[in-house]
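1. Here's my sequence, what's the structure:
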Amino acid sequence: MLSAAPAVASSRLAQVTVKDSSGQLVIGIVSTGQIRVRLTEISTPAPPRVTIDLLDTVVDAGFRRAIEVNKGNVLRVRFGQFQDRPAIARIVLDLVRPVRVAVKRTAPNILTVIVPMQLVTAAQPKDAPSAPVTAAQPKSAASAPAQSKPPVMPAVSPTSVPGIGTPNVSQAKTAYILGPGDVLEVSVWGYADLTRVAAIRPDGKISLPLVGSMKAAGMSVEMLTKLLVKAYAEYIISPQVTVIVKEFRKIQVSVLGQVARPGTYTLSPGARLLDLISAAGGTTDVAQKEAELLRPGEPPVNVDLDELLAGVQEINFELKGGETLVVPEDLVNIVNVAGEVVRPGRYRLKGQMRVIDALLLAGGLTEKASVTHASLVRSSRETLPLHLDALLLRQEMSRNIPLQAGDILMIPEEVNNKIYVVGDVNNPGAHPVKADVTLLQAIAIAGGPVQRGPGTARVVHVLRRNGGVPGPTVPAVSVEALPNGAALLTVDLQALLRSADAMQNLAVQPGDVVVVPQTTLGGLQVFLSILSGIFRFFR
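-> Numbering: from 1, shown residues only. Modelled structure (predicted):
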């Protein structure tokens, strides 16, 4: 046993003897001065032990520190300096099993400890002289008359004593459990040279002076502290050991499937399933209700994501590290929104979802979306018109029909929302229109007419690919049929400019080609050849 510094006292430990007498082991303790004794019982599972403190007593540095007995119920007797100021010398009996131990003082400076050789409780030896115990002993012993029997230590039992023995399992369940990667600081009070900062290795052990390599993984800090106290007690009398977690380890867990950011994440110990899902950005709209938690060496565990996200703590499992959460895609209860929407994709069918709900989930329509040609494709391959123009523009809510699992909303691009103005205009080309425009408005959209030849164009031609012709309210228009169902409309531009009647202004439809011809061109055949080229280009 070790001592932190030399002690000063009125008595010194002079001799410790062990002998076999009449089926008992008699341990004699002799000091140079009067013995004042304090009995302390300390019990641990392996081995049980009893300590005897000699007050105001020191142990010289060169004094022998242990006697190996290995006889009867005694393994060894150890002695050393327990405390310097006030000075206390300690005697420790390591026993094979719990037995009754008798302690008495046979002279002012002599203490006798009697341990039975057999397992049965030993009777008090008849020839053992009685002597009163000093006031330093427990009150029950100090108040006994001089002729009474010597104090008898109660039988040592393997029950847990605070600081020594079996850890409290119920407390350990809620305590932080150490594992590989944790960095610990271990110190022994009074012995600065024993302080170490040690990381728990992958094999779950740490290395410390005197006690060597010890298992730490899987224990709480309290459990490890108690085991270290027991280990250091082989070298130090009543060591006071402190264990501090300097750095907590990190755990790595993975999440796959329908989460915003699948991958592997590093979390703090004690993290739970909700922490992992939160780190991954949450589940997607098409995540299946049931997920699987995969643990190394264990069968998969089904997790109800709806209950988990609702706060059911029983399934919010603590993660130990190495787990993988798999969130499958729901391939049944989904609707698809495709085409000209902000966020095309698959969306989970939640409750009674309708057309407007799906369009809102998809972020709404883009500026290219066609509200007249959108359609709904059922899982049975039946195709229905959506009539988005009536639903969104005229708010006919009867068009907001319920959706079914597997439905696909097709929102095509509106290809007929452009008119084409070419010829003697400032900005010839394709021009998008949001609504119906007149011929004069179409020319204005193209920057207005410009004179590139000897004179200003007198007529304007409109190539209409769908063959629609204006009514009789536009008398300044002549119509000529073209191949493929198209029509060539010729308008007297000068008459149109002079007219104050808006009804005579030709309506230009999406897809029309407006030609303001140059005055240098002669002959309708040349003009038609130009129109035919434009028609093929824009078809």
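2. Now do the domain split for the protein, please.
-> Using automatic domain parsing, the domain parsing of the chain gives 11-153, 169-247, 251-323, 334-411, 418-538.
3. mind listing what Val115 touches?
-> Gln24, Leu25, Ile27, Gly72, Asn73, Val74, Leu93, Leu95, Val99, Val101, Ala122 (CB atoms under 8 Å, 6 or more residues apart in numbering). All C-beta atoms are positioned from the backbone trio N, CA, C, and that covers glycine.
4. Out of these, list just those in strands.
-> Among the contacts of Val115, the members found in strands (DSSP state E) are Gln24, Leu25, Ile27, Val74, Leu93, Leu95, Val101.
5. The first one against Val101, yeah?
-> Yep, that's Gln24 we're talking about. No. Using CB atoms under 8 Å, Gln24 is not in contact with Val101, being 10.5 Å away.
6. following the helix or strand containing Gln252, which helix or strand comes up?
-> Assigned by DSSP states H and E, Gln252 belongs to strand 251-257. Moving toward the C-terminus from strand 251-257, the next helix or strand (DSSP H and E) is strand 263-267.
7. packing partners for that following strand?
-> strand 251-257, helix 273-279 (3 or more CB pairs under 8 Å, 6 or more residues apart in numbering; DSSP states H and E).
8. any idea of the angle that strand forms with strand 251-257?
-> 150 degrees (axes from the mean of the first three to the mean of the last three CA atoms, to 10 degrees).
9. Now strand 263-267: buried residues?
-> For strand 263-267, a neighbour-count test (16 or more other CB atoms under 10 Å) marks Tyr265, Leu267 as buried.
10. Can you tell me the strand partners of it and which way each runs?
-> Strand pairing for strand 263-267, using DSSP bridges, gives strand 251-257 (antiparallel).
11. then the strand it pairs with to CSV, C-alphas only?
-> Extracted C-alpha coordinates of strand 251-257, given in CSV (Å, rounded to 0.1, in the frame of the first residue of the first chain):
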residue,chain,number,x,y,z
ILE,A,251,-22.0,8.0,-33.1
GLN,A,252,-22.5,7.4,-36.8
VAL,A,253,-25.9,6.4,-38.1
SER,A,254,-27.3,6.4,-41.6
VAL,A,255,-30.7,7.1,-43.2
LEU,A,256,-31.7,5.9,-46.7
GLY,A,257,-34.7,6.5,-48.9
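12. And the contacts of it?
-> Against strand 251-257 from outside (CB under 8 Å, 6+ apart): 262-269, 271, 276-277, 280, 287, 291, 319-329.
13. which of those are buried?
-> Buried members of the contacts of strand 251-257, counted by 16+ other CB under 10 Å: 262, 265, 267, 269, 271, 276-277, 280, 287, 291, 319, 321, 323-327.
14. okay, the closest residue in space to Glu290 that isn't next to it in sequence: pLDDT?
-> Leaving aside its chain neighbours, Glu290 sits nearest to Asn302 (5.7 Å; criterion: CB to CB, 6 or more residues apart in numbering). pLDDT for Asn302: 92.
15. Go ahead and confirm Asn302 touches Lys289.
-> No. Contact criterion CB under 8 Å: Asn302 and Lys289 do not qualify, at 10.2 Å.
16. More neighbours: these two, which one.
-> More crowded of Asn302 and Lys289, by other CB atoms under 10 Å: Lys289, with 15 against 9.
17. Contacts only, for that one.
-> Contact analysis of Lys289 by CB under 8 Å, 6+ apart lists Asp304, Leu305, Asp306, Asp330.
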